[in-house]
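>>> task: produce atomic coordinates for the following.
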Amino acid sequence: MKTIHRILPWAFLALFATEILVILLPKRDKEFHVREFGRLPVLLNGRVQPFDSVARNSLLQIRSTASVPLEEKKFYEFWKHPPKLKASEWLLEVMFKPEQADTRPIFLIHHPELLAELGLENKGIEKSGLRYYTYREIEAVESNVMNRASQFSDIKADLQTPLQRQTLKLANAIVTYRRLKNSLRPEHADDFARDLAAFEQSIGPGVAALRAQQAGQPHDAAALDRLMEWARQYDLLSRSALPLIVPPLANSGDGSDAWSNAGASLLDSLRSEAIHPAMRAFATMASAYRHNQPEMFNRSIADYRAWLAEHFPKELKKGRWEFFYNDAQGFLHSTIIYIFAFVLAATGLLSTSLWPGFSEALRRSAFYLIILSFLVHTGALIFRMVLEGRPPVTNLYSSAIFIGWGAVIFGLSLERIYRAGIGNVVAAVAGFVTLLIAHNLALGGDTMQMLQAVLDTNFWLATHVVVVTLGYAATFVAGVLAIAYILLGVFTRLLQRPLTPAGAATLSATAATGSGLNLGKALSKMVYAVICFATLFSFVGTVLGGIWADQSWGRFWGWDPKENGALIIVLWNAIILHARWGGMARDRGIMNMAVFGNVVTAFSWFGVNLLSIGLHSYGFMDGGAFWLYGVFVPSQLFIIALGLIPLQYWRSFRAPTPEGPAPSSQPSTVPG
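Residues are numbered from 1 along each chain as shown. Now for the predicted structure:
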């Protein structure tokens, strides 16, 4: 049995490490080189990105997923893996085979009143309480949706009802989808390469006829009419296309004014009387993909890639690396490992009295897995920083990732010191919860957008933002530790579980008496240490923010909501420390105050953005009010209510039964 306990942690580590290695291995394209297409660079939202990022961000906005299932399965059929259209495949279909893309269930509508108003209650595909619709099903009510959305567009976001927000979101999804269909070629063009050749042939005679007409000379009216018909089509294309897919003929840097969309590039051909090489390549890709000619499709991608390598190597490299970042999905796999580690850690913690050997094996398994997940988390975070060319925190999405990363460091450090299992639980919970928050924030679209002018300074992003965010992370860690203290104290006897001086758990009451340390006392020490760290970093980060504000706006402090939130965090942590130093609150009181610190920090982190006022509302928080004020805050208040239950009702502090284990003799874990 002891051999199994030694092997188990390494077996779990080997299993998940193998999964990560498999994910990182190069993958081959199928008949059509879709992955190579997904790597091609375009410009959108002020930055160069691959087609794959355009596809993923669009799908997340429209469907709230990064892929499109081709078959449905029941929620309990976890063993099934139905085929899916990945983001780049879906985008190819939208742009080159729109009539097929129109049959994919990608439009998410979940508001019952909106479904009733649109007459869609009994249509679409139902999955986990959500309903997905195809464009063919939506098309009949499209004008109705757009009319309703136009009526709601002038209403401030914080004043919109859920029905209005859902209507505006659906309208935005429809517009995005229609623009993608016309991003590379006119939606109804069957053979774009042939059309482009015909357009090129019409340029010379048409331009000559136009010049003759303008000079009042005889001209070829038929040639002019043909050219004007093409011009009308491409003018519509220029006004509807979404990404800028055509780079300049000469690399003029990363400026967005240097790139153009397909329609604008074709209209520019009327002046230059030459088709851009990129448009020739895209036209060939469009016809080849539409008419099932993989060799021609793959060759056109290879030729265009070679042209980019000669003229735009930096942009081509950026597209390839960001595609790898998207494809690896480091944060997703890190989340999965955190969740599994949490299950192991919680099971090990709760089974310590029954199976001490097995419990220790689970604790070490969780610790190793959290380290592995943390390495994946760190790698993805650094990769993202390199892609952005920025410090780790630039918006709410990246702040969630970084706060989770910092919290995992705290959890691992605590576990390394005390080896009680609590550090594992904190690290795993903080890791997967913050990455889950980040995933939901990503549903708003591109998370690497250009920064607002006031934020465009790497020095302050690397100092003020990083320091104050570490203060957030530490405050949340203290809150999670306090929650563990309350839940374990109320429902279990684990707070009296003795620990040795080195931190290794033991069930020996003699060792506990000699060391003077049990789990409750250890948690108290953890919370105190973490709050000290949080107070220091929150204070320093707030002062640095004032210096940045003085440089940006000419004043150190202006009582902006975000500034007030940062100050409240500093003051609340300082109040906790003074309450402890002055003896006004003992362990239980400090724990309740630390839990309320979660509320204070969440308001400064998210609540300010929900106010939609002030100089610091940089985030994207569609629907965040419900989760913050309807779920998170009540849950913390409920935990505090549990913490206020008289000690005689806490299992960890009840008088032991004759058959039960004797509690620790240390009184310091009994809060007043």
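
>>> how far away is Arg419 from Leu519?
Counting by C-beta to C-beta, to the nearest Å, the separation of Arg419 from Leu519 is 11 Å. Yep, even glycine has a C-beta here, placed from its N, CA and C like the rest.

>>> pLDDT below threshold where in the stretch 501-650 of the chain?
501-516, 611-624 (pLDDT under 70).

>>> ok, back up a step: tell me which of Arg419 and Leu519 has more neighbours.
Comparing Arg419 with Leu519 by neighbour count (other C-beta atoms under 10 Å), the higher total belongs to Leu519, at 30 against 21.

>>> let me see the contact set for that one.
The neighbours of Leu519, taking C-beta atoms under 8 Å, 6 or more residues apart in numbering as the test, are Ala420, Ile422, Leu488, Leu494, Leu495, Gln496, Arg497, Pro498, Leu499.

>>> how many neighbours does the nearest residue to it once chain neighbours are set aside have?
Distances taken as C-beta to C-beta, 6 or more residues apart in numbering put Arg497 closest to Leu519, at 4.4 Å, once the chain neighbours are dropped. Using other C-beta under 10 Å, the number of residues around Arg497 comes to 25.

>>> could you do Val22 as well?
Val22: 9 surrounding residues under other C-beta under 10 Å.

>>> and the pLDDT at it?
Reported pLDDT at Val22 in the predicted model: 93.

>>> distance check, it against Leu15.
Look at Val22 and Leu15: by C-beta to C-beta, they are 11 Å apart.

>>> cool, Pro9 as well?
Taking C-beta to C-beta as the criterion, Pro9 is separated from Leu15 by 11 Å.

>>> higher neighbour count, those two?
Neighbour tally, Pro9 and Leu15, criterion other C-beta under 10 Å: the higher count belongs to Pro9, 20 against 11.

>>> and that one, what does it touch?
Ala361, Arg364, Ser365, Phe367, Tyr368.

>>> mind running it again at 6 Å?
By C-beta atoms under 6 Å, 6 or more residues apart in numbering, the contact list for Pro9 reads Arg364, Ser365, Tyr368.

>>> ok, now Val527?
Contacts of Val527 were listed using C-beta under 6 Å, 6+ apart, and they are Ala478, Leu481, Ala482, Ala594.

>>> apart from its neighbours in sequence, what residue is nearest the last one?
In this structure, Ala594 finds its nearest non-sequential neighbour in Ala482, 3.7 Å apart by C-beta to C-beta, 6+ apart.

>>> in the one helix or strand that neighbour maps to, what's buried?
When elements are defined using DSSP states H and E, Ala482 is found to belong to helix 466-491. Of the residues in helix 466-491, those buried under the neighbour-count criterion (16 or more other C-beta atoms under 10 Å) are 466-486, 488-490.

>>> gap between that helix and the chain center?
Taking the mean of its C-alpha atoms, helix 466-491 sits 22 Å from the chain's own mean (C-alpha atoms, centre = their mean, to the nearest Å).

>>> cool, and stretch 382-394?
In terms of C-alpha atoms, centre = their mean, the centre of stretch 382-394 is found 14 Å from the chain centre.

>>> and if you look at stretch 218-225?
Centre-to-centre, stretch 218-225 and its host chain are 55 Å apart (C-alpha atoms, centre = their mean).

>>> buried sites along stretch 102-114?
Going by 16+ other C-beta under 10 Å, stretch 102-114 has these buried residues: Asp102, Arg104, Pro105, Ile106, Phe107, Leu108, Ile109, His111, Leu114.

>>> next SSE after the helix ranked longest in the chain?
For the chain, the helix reaching the highest residue count under DSSP state H is reported as helix 519-553. Toward the C-terminal end, the helix or strand that comes next after helix 519-553 (DSSP H and E) is helix 561-581.

>>> packing partners of that following helix?
Of the remaining helices and strands, those touching helix 561-581 by 3 or more C-beta pairs under 6 Å, 6 or more residues apart in numbering; DSSP states H and E are helix 519-553, helix 587-602, helix 608-611.

>>> so what touches that helix?
Residues outside helix 561-581 that contact it (C-beta under 6 Å, 6+ apart): 531, 534-535, 538-539, 542, 585, 590, 593, 597, 600-601, 603-604, 608, 611, 614, 616.

>>> apply 8 Å and report the result again.
Outside helix 561-581, the residues that touch it by C-beta under 8 Å, 6+ apart are 468, 471-472, 475, 528, 531-532, 534-535, 538-539, 541-542, 545-546, 549, 557, 584-585, 589-590, 593-594, 596-597, 600-601, 603-605, 607-608, 611, 613-617.

>>> from these, keep the buried residues only.
Those of the contacts of helix 561-581 that meet the buried threshold are 468, 471-472, 475, 528, 531, 534-535, 538-539, 541-542, 545-546, 549, 585, 589-590, 593-594, 596-597, 600-601, 603-605, 607-608, 614, 616-617, by 16+ other C-beta under 10 Å.

>>> surely Leu108 is in a helix?
No. Counting by DSSP: H, G, I helix; E, B strand; the rest coil, one finds Leu108 to be strand, located in no helix.

>>> show me where pLDDT drops low in the stretch 1-150 of the chain?
Along the stretch 1-150 of the chain, segments meeting pLDDT under 70 span 1, 73-80, 128.

>>> can we see that at 80?
1-2, 72-82, 126-129 (pLDDT under 80).

>>> check the stretch 151-300 of the chain too.
Residues of the stretch 151-300 of the chain that meet the criterion pLDDT under 80 lie in 156-160, 250-257.

>>> that one: helices as residue ranges?
With DSSP state H, counting those that start in this stretch, the ranges of helices along the stretch 151-300 of the chain come out as 162-181, 192-214, 221-240, 262-272, 277-290, 294-311.

>>> okay, the residue nearest to Ala594 and Phe491: tell me how far apart.
Taking C-beta to C-beta as the measure, Ala482 falls 15 Å from Phe491.

>>> contact partners for the closest residue to Ala198 other than its chain neighbours?
Closest residue to Ala198 apart from its sequence neighbours, by C-beta to C-beta, 6+ apart: Trp230 at 7.9 Å. Residues touching Trp230, when contacts are defined by C-beta under 8 Å, 6+ apart, comprise Ala198, Phe199, Ser202, Gly206, Leu266.

>>> pick the one among the residues you listed closest to Leu118.
Top of the list for closeness to Leu118, among the contacts of Trp230 and by C-beta to C-beta, is Leu266 at 36.4 Å.

>>> shouldn't that closest one be in contact with Tyr234?
Yes. Taking C-beta atoms under 8 Å as the contact criterion, Leu266 and Tyr234 are neighbours in contact, 4.2 Å apart.

>>> neighbour count winner among the two?
Taking neighbours as other C-beta under 10 Å, Leu266 and Tyr234 compare with Leu266 leading, 27 against 23.

>>> if I look at that one, how far off is Thr463?
Looking at Leu266 against Thr463, where the rule is C-beta to C-beta, the gap reads 47 Å.

>>> before we move on, back to that, so which of the contacts of Val527 is the closest to Val408?
Using C-beta to C-beta, Leu481 is the member of those that sits closest to Val408, with 13.7 Å.

>>> my guess is the closest one contacts Val426, does it?
Yes. Distance between Leu481 and Val426: 6.0 Å, which falls inside the contact criterion (C-beta under 8 Å).

>>> overlap of the contact sets of those two?
Leu414.

>>> hmm, which of the contacts of Trp230 are the buried ones?
For these, burial is judged from neighbour counts taken by 16+ other C-beta under 10 Å, and it is met by Phe199, Ser202, Gly206, Leu266.

>>> tell me which two of the residues you listed sit farthest apart.
The largest distance within those, taken as C-beta to C-beta, falls between Gly206 and Leu266 and amounts to 13.0 Å.

>>> so which of the contacts of Trp230 is the closest to Ile62?
After measuring the contacts of Trp230 against Ile62 - C-beta to C-beta - the closest member comes out as Leu266, at 26.9 Å.

>>> residues in contact with that closest one?
Residues counted as contacts of Leu266 (C-beta under 8 Å, 6+ apart) are Leu196, Phe199, Trp230, Tyr234, Leu237, Ser238, Ile275, Met279.
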